[in-house]
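Q: build me a model from this:
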Amino acid sequence: MTDDTPSVVVAGGGSAGHVEPALATADAVRRLRPDARVTALGTERGLDTRLIPARGYPLELIPPVPLPRKPNLDLAKLPYRVVRSVHRTRTVLRDVGADVVVGFGGYVALPAYLAAASLRLPIVVHEANARAGVANKVGARFAGDVLAAVPGSGLRGAEVIGIPLRRQITELDRAGLRAEAREHFGLDPQAPVLLVFGGSQGARSLNEAVSAAVPALTAAGVWVLHAHGPKNAPTVEAPSYVPVPYLERMDLAYAAADVALCRAGAMTVAEVSTVGLPAVYVPLPHGNGEQELNARPVVDAGGGMLVHEADLTGERVASLVTDLVADTGRLAATAAAARRSGHAGADETLARTVLAAVHRGERRAGVTGRDAG
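A: As a prediction, this is how the structure comes out:
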């Protein structure tokens with residue numbers, strides 16, 4: 001770096017669960033330091049080329065380094081892929097005059113950590129999931145700062161700050177936006193509303209359960225806003241059932257709803273709890289159980305309920321939702337508990353950590369000089 005302008009590189013490509021926290025952090029860095037240069041690392045795979053430029057950040061593409069879960073041919077190719085990607089990433093870091101690398105896990109973060117370590121750049125790691133992945137476990141060994149969304153991530157000494165979220169979510173006034181949101185989706189302005197979503201592609205088990213629950217929900221006066229996924233056609237019709245393939249405006253969906261039925265991905269739990277929306281969380285039954293761990297702190301705090309997929313039926317959904325919305329005192333208490341368990345300021349907390357790492361790196365470079373490899 002040749003001036004006092006910090007150059008921050010965020011490595012969070014691949015899935016929305018990695019990209020969105022990276023971009024929220026980038027936004028916060030720019031709020032705190034409007035002169036900061038922020039560059040995003042990504043690959044041609046996933047959502048990087050669509051989401052990152054749309055938010056106004058330069059995107060530098062690097063070869064992805066997917067980490068095989070089982071011994072196979074991809075595992076044999078891993079060393080070559082790592083070397084190639086680290087070489088490209090080192091070039092990017094030099095070209096942008098990087099002062100710090102902040103990573104969010106996934107197959108973009110691993111080469112970013114290794115390249116930054118080889119250049120003796122400060123590294124900041126953020127883990128969004130309840131159980132850290134391989135990339136962040138490696139990155140944490142080189143990092144000066146390690147932060148996590150929830151306790152027990154497996155990263156020793158991690159500071160728990162929540163997940164950085166965009167201000168459209170953290171500053172959402174659900175009550176103030178309620179009338180506009182209900183009108184936007186064609187929902188009854190006064191009736192209780194259940195929001196159902198299972199990620200960008202929908203979730204078949206959630207779709208089946210809510211379809212089976214619609215008659216009982218309708219009889220109880222509950223409206224349903226259902227994001228079923230672009231490839232999944234709704235299988236039920238009712239005047240109080242509003243199906244949509246995809247929710248472009250999640251802020252309006254959250255504002256329109258009184259309760260949600262959703263998965264328990266890290267980003268989903270973070271957003272739903274931060275806006276203070278009571279939820280019935282249905283963790284994915286696959287993987288190592290991290291989705292249940294994501295939801296557990298909110299559920300234990302009284303901000304929602306947890307239902308295992310094996311127990312998910314239309315009758316169960318209808319019973320849980322109608323009982324909750326019928327008790328306005330309990331509904332309000334659940335909403336308040338959800339909001340208390342959220343971390344609305346995680347974006348600026350992480351941004352301040354990143355800028356502090358830049359400052360420490362500048363001081364160290366001024367004393368020892370920086371090894372550019």
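Q: please, where are all the helices along the protein?
A: 16-32, 48-54, 73-95, 109-118, 134-142, 167-170, 174-185, 204-219, 250-256, 266-274, 290-300, 314-326, 328-341, 346-368 (DSSP state H).
Q: ok, how many other residues are close to residue 218?
A: Neighbour count of residue 218, defined by other CB atoms under 10 Å: 17. C-betas here are computed from N, CA, C, even on glycine.
Q: residues in contact with it?
A: Contacts here follow CB atoms under 8 Å, 6 or more residues apart in numbering; on that basis residue 218 touches 238-241.
Q: what's next to stretch 351-365, contact-wise?
A: Taking CB under 8 Å, 6+ apart as the rule, stretch 351-365 contacts 1, 6, 8, 25, 28-29, 31-33, 36, 99-100, 102, 121-124, 144-145, 147, 164.
Q: coming back round to it: among the contacts of residue 218, which ones are buried?
A: Listed as buried from the contacts of residue 218 are 240-241; burial here means 16 or more other CB atoms under 10 Å.
Q: and the residue nearest the centre of the chain, what does it touch?
A: Of all residues in the chain, the one closest to the mean position by CA atoms, centre = their mean is residue 267, 2.9 Å from it. For residue 267, the contact set (CB under 8 Å, 6+ apart) comprises 16-17, 20-21, 128, 163.
Q: just put the helices of the chain in a markdown table and tack on distance to residue 154 and mean pLDDT.
A: Listed next are the helices of the chain as a markdown table, based on distance: least, CB to CB, whole Å; pLDDT from 0 to 100:
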| stretch | distance to residue 154 | mean pLDDT |
| --- | --- | --- |
| helix 16-32 | 17 | 94 |
| helix 48-54 | 26 | 91 |
| helix 73-95 | 21 | 83 |
| helix 109-118 | 15 | 96 |
| helix 134-142 | 7 | 95 |
| helix 167-170 | 26 | 94 |
| helix 174-185 | 34 | 98 |
| helix 204-219 | 28 | 96 |
| helix 250-256 | 29 | 97 |
| helix 266-274 | 14 | 95 |
| helix 290-300 | 10 | 94 |
| helix 314-326 | 32 | 98 |
| helix 328-341 | 21 | 97 |
| helix 346-368 | 19 | 83 |
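Q: ok, residue 315 - how many residues close by?
A: Residues near residue 315, counting by other CB under 10 Å, number 11.
Q: and what of residue 333?
A: 14.
Q: right, and residue 153 touches residue 127 too?
A: Yes. Using CB atoms under 8 Å, residue 153 makes contact with residue 127 at a distance of 4.7 Å.
Q: of these two, who's got more company?
A: Neighbour count, other CB under 10 Å: between residue 153 and residue 127, residue 127 has more, with 28 against 24.
Q: is there a quick PyMOL command that grabs whichever of the contacts of stretch 351-365 are buried?
A: A single PyMOL command selects the buried members of the contacts of stretch 351-365 (16+ other CB under 10 Å):
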select buried, resi 1+6+8+25+28+29+33+36+99+100+102+121+122+123+124+145+147+164
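Q: pull the residues that contact stretch 303-320.
A: 205-206, 208-214, 216-217, 220, 261, 264, 272-273, 278-285, 292, 295-296, 298-299, 334-335, 337-341.
Q: er, stretch 112-122 actually
A: With CB under 8 Å, 6+ apart as the test, stretch 112-122 has contacts from 9, 11, 41, 62, 82, 86, 89-90, 92-94, 98-101, 103, 123, 125, 135, 138-139, 142-144, 357-358, 360-361, 370-373.
Q: quick one: buried ones out of those?
A: Looks like the contacts of stretch 112-122 have 9, 11, 41, 62, 82, 86, 89-90, 92-93, 98-101, 103, 123, 125, 135, 138-139, 142-143, 357-358, 361 buried, using 16+ other CB under 10 Å.
Q: just give me the neighbour total for residue 286.
A: 8.
Q: again, but for residue 237
A: Counted with other CB under 10 Å, residue 237 comes out at 8.
Q: please apply the same query to the one 10 residues further on.
A: Residue 247 has 17 neighbouring residues, counting by other CB under 10 Å.
Q: contacting residues for it?
A: If you count contacts by CB under 8 Å, 6+ apart, residue 247 has them with 197, 227, 253.
Q: nearest to residue 192, of the helices of the chain?
A: Closest of those to residue 192 is helix 314-326, at 3.9 Å (criterion: CB to CB).
Q: residues of the closest one that come out buried?
A: Those would be 314, 317-318, 320-322, 324-325, for helix 314-326 by 16+ other CB under 10 Å.
Q: excluding chain neighbours, what is closest to residue 269?
A: residue 294 (4.7 Å; CB to CB, 6 or more residues apart in numbering).
Q: same check, this time on residue 57
A: Nearest non-adjacent residue to residue 57 (CB to CB, 6+ apart): residue 40, at 4.8 Å.
Q: from residue 62, how far off is that neighbour?
A: Taking CB to CB, to the nearest Å as the measure, residue 40 falls 11 Å from residue 62.
Q: likewise for residue 307?
A: From residue 307 over to residue 62 the distance is 40 Å, taken as CB to CB.
Q: so residue 25 makes contact with residue 164?
A: Yes. Between residue 25 and residue 164 there is a contact at 4.7 Å, judged by CB under 8 Å.
Q: show me what contacts residue 223?
A: By CB under 8 Å, 6+ apart, residue 223 lies in contact with 187-188, 191-194, 217, 240-242.
Q: which ones among those map onto strands?
A: Among the contacts of residue 223, the members found in strands (DSSP state E) are 193-194, 241-242.
Q: for the residues you listed, which one is nearest residue 51?
A: Nearest to residue 51 out of the ones in strands among the contacts of residue 223 is residue 242 (CB to CB; 26.4 Å).
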